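Trainee: Structure for the following, please:
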Amino acid sequence: MGLGLKWWCWWLTVTAVGVGVVVRGVPSDTKNNNLVSRIAFGSCANQSAPQPIWDAIIKFDPQVFIWLGDNIYGDIRLPNKLFGRKRNIGPLKNTERFVPASEQEMKSKYEKAKSNPGYSRLRQKTKVIGTWDDHDYGLNDAGKEFAGKITNQRLMLDFLDEPHDSPRRKQAGVYASYTFGPTGRQIKVILLDTRYHRDPLHSDGSILGSSQWTWLEQELHGSPTVVTIIGSSVQVISNLSATTGPFFYMESWGRFPKERDRLFKMLADSKRGGVFFISGDVHFGEITRYDCATGYPLYDVTASGITQAVEKIVPTPLHFFVRFLAWLTPATLRVMDGNCRRKSCTYGMPNFGAIEIDWDAKPMTLKLQVRDTDGNPVVCVNAPLPELQARNFNYVTSSKIGKHQKHCYLEINQPGIVRYRLAILAYCALAVLILAMMGVIWLGTLCCCRCPLKKKRD
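Mentor: Okay, the predicted model is just below:
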């Protein structure tokens, strides 16, 4: 081999290592070998529903797009039944509302999602990565007990065009990590699998399982990057189920408090800076913040969903009522400032997440947004990267945090009258309604009794 050829090979090797995209568990892809400054993400996309939001995502021009789960709705929802032998809603519920689809049905739904014209245009110019949630995992609210997870893992990785020789196809679960950009301006994306190893709800068991926890610890203690994004299909910081019960419950890390404490402690011990979460699942957008985990503000940007949204399930005249309930719901960790379109700082129509990094600003700045179908921000946080750096910090479990520290006071620690004010309001409204109906019945009965007496006198 000549000297010139040796220098040429050395130069190619250095360029590939220093500038290329490194993907842990996935072969390198030179499509994104330049500086990454724009990342979009989304979740909850019903393949059978219109998806006009792709135009706004393409206009944002992300270099990377991240799926955060419910990338399709693969399971089958049965008709609601309040009465009868099989009741799937109401207090007398004795069966589930969802059943798994067959392998062929799942494959057909993925093909329909992948052929969407807007999504197809995005795939032509943008690196697409992702994880899953329950409806593309195969069954609503399912965890490690779900029998179809091995088959559905293969179908989900086919949807993401995962190489056939990828280690991701051999491991138990779809978790993965990626590093984008040149040395000194690198972004690490860690995608968690919150389904494959998750213990049953209400168990306070494990979400990630032992093998994924070991992998995550290695990733967090690995080579430092300027920014680290951790993608979770369910919310990490917010635990609205602590305030919306007993009417409905949402999945989140907050329902597994030991696991969330373990995650926060692992982040604190790693001394890794520039970390924040992105999540989906809940059918609305918001940004939450926790200041007592790492020694710096830890954000969770929730974008949900591409098609599914809480305000879409009610008639337009009732949207104000949904927004009122969102404002009334106690949310101690939600970022509430002037950068919100709604007073509640939530957004209940279709949305996507947008991350922008201004590498040339002094100081370098991170812009975290939830955007609407026109691409306009509805919730936004600007965070200078120097403020997101690890300091000497000893993590204290969430149950021992002071109750009046801003962005540290968990929903579950609120006084009962505050925590359950939605339920109190609902029961009071129901009581007023019952009393009003009783009053109407009494007046009606009284009128009916008086009319015959009046006729008799006449």
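Trainee: Skipping its backbone neighbours, what lies nearest the residue positioned nearest the centre of the chain in space?
Mentor: The centroid of the chain falls nearest to Gly280 when counting by Cα atoms, centre = their mean (1.8 Å). Distances taken as Cβ to Cβ, 6 or more residues apart in numbering put Ser43 closest to Gly280, at 2.6 Å, once the chain neighbours are dropped. All C-beta spots, glycine's among them, are computed from the backbone N, C-alpha and C.
Trainee: ok, back up a step: run through the residues that contact the residue nearest to the centre of the chain.
Mentor: By Cβ atoms under 8 Å, 6 or more residues apart in numbering, the residues touching Gly280 are 41-44, 68-70, 133, 233-234, 302-305.
Trainee: re earlier: residue contacts, the residue nearest to Gly280?
Mentor: 67-71, 133, 233, 279-281, 303-306.
Trainee: How about Cys345?
Mentor: Cys345 neighbours (Cβ under 8 Å, 6+ apart): Glu286, Ile287, Arg334, Val335, Met336, Asp337, Val379.
Trainee: I'd say the third one and Glu286 touch.
Mentor: Right, Arg334. Yes - at 5.7 Å, Arg334 counts as touching Glu286 under the criterion of Cβ atoms under 8 Å.
Trainee: more crowded one of these two?
Mentor: Comparing Arg334 with Glu286 by other Cβ atoms under 10 Å, the one with more neighbours is Glu286, at 32 against 24.
Trainee: Point me to the helix or strand that includes that one.
Mentor: Assignment of secondary structure by DSSP states H and E places Glu286 within strand 286-290.
Trainee: Tell me the helix or strand right after that strand.
Mentor: Moving toward the C-terminus from strand 286-290, the next element (DSSP H and E) is strand 298-302.
Trainee: With Asp269 as the reference, measure out to the residue nearest to the centre of the chain.
Mentor: 27 Å (Cβ to Cβ, to the nearest Å).
Trainee: try Ala147
Mentor: From Ala147 over to Asp269 (counting by Cβ to Cβ), the distance is 36 Å.
Trainee: likewise Lys144?
Mentor: 26 Å.
Trainee: Equivalent analysis for Thr194, please.
Mentor: For Thr194 relative to Asp269 (Cβ to Cβ), the value is 21 Å.
Trainee: between those two, who's got more neighbours?
Mentor: Each of Thr194 and Asp269 has its neighbours counted (other Cβ under 10 Å); Thr194 has more, 30 against 16.
Trainee: where does the more buried one fall, helix, sheet strand or coil?
Mentor: Assigned with DSSP: H, G, I helix; E, B strand; the rest coil, Thr194 falls in the coil class.
Trainee: Tell me who's in contact with it.
Mentor: Thr131, Asp133, Ile207, Leu208, Ser232, Ser233, Val234.
Trainee: Tell me the bridge partners for the first one.
Mentor: On DSSP bridges, the residues paired with Thr131 through beta bridges are Leu68.
Trainee: Just give me the neighbour total for it.
Mentor: Thr131, neighbours per other Cβ under 10 Å, totals 28.
Trainee: Now do the same contact list for it.
Mentor: Trp67, Leu68, Gly69, Val174, Tyr175, Ala176, Leu191, Leu192, Asp193, Thr194, Gly231, Ser233.
Trainee: will you turn those into JSON lines that also has distance to Asn351?
Mentor: Shown next, in JSON lines, are the contacts of Thr131 (distance: Cβ to Cβ, whole Å):
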{"residue": "Trp67", "distance to Asn351": "15"}
{"residue": "Leu68", "distance to Asn351": "12"}
{"residue": "Gly69", "distance to Asn351": "15"}
{"residue": "Val174", "distance to Asn351": "24"}
{"residue": "Tyr175", "distance to Asn351": "25"}
{"residue": "Ala176", "distance to Asn351": "25"}
{"residue": "Leu191", "distance to Asn351": "20"}
{"residue": "Leu192", "distance to Asn351": "21"}
{"residue": "Asp193", "distance to Asn351": "24"}
{"residue": "Thr194", "distance to Asn351": "21"}
{"residue": "Gly231", "distance to Asn351": "16"}
{"residue": "Ser233", "distance to Asn351": "16"}
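Trainee: Asp358: which of those is nearest?
Mentor: Proximity of these to Asp358 (Cβ to Cβ) peaks at Gly231, which lies at 21.8 Å.
Trainee: Report the separation between that closest one and Thr302.
Mentor: Following Cβ to Cβ, the distance that separates Gly231 from Thr302 is 11 Å.
Trainee: now Tyr137
Mentor: Noted for Tyr137: a distance of 19 Å to Thr302, by Cβ to Cβ.
Trainee: Over to Thr332?
Mentor: 16 Å.
Trainee: Please say which of those two ends up with more neighbours.
Mentor: Between Thr332 and Thr302, counted using other Cβ under 10 Å, the more crowded position is Thr302 (32 against 23).
Trainee: which stretches of the chain form helices?
Mentor: 3-19, 54-60, 103-114, 117-125, 134-137, 149-159, 210-220, 241-244, 257-270, 319-328, 416-419, 421-457 (DSSP state H).
Trainee: show me what contacts His283?
Mentor: Cys44, Ser304, Gly305, Gln308, Ala309, Val310, Gly348.
Trainee: Please tell me how far the second one sits from Cys449.
Mentor: Which is Ser304. 56 Å.
Trainee: do the same with the fifth one
Mentor: Shown here: Ala309 relative to Cys449, a distance of 51 Å by Cβ to Cβ.
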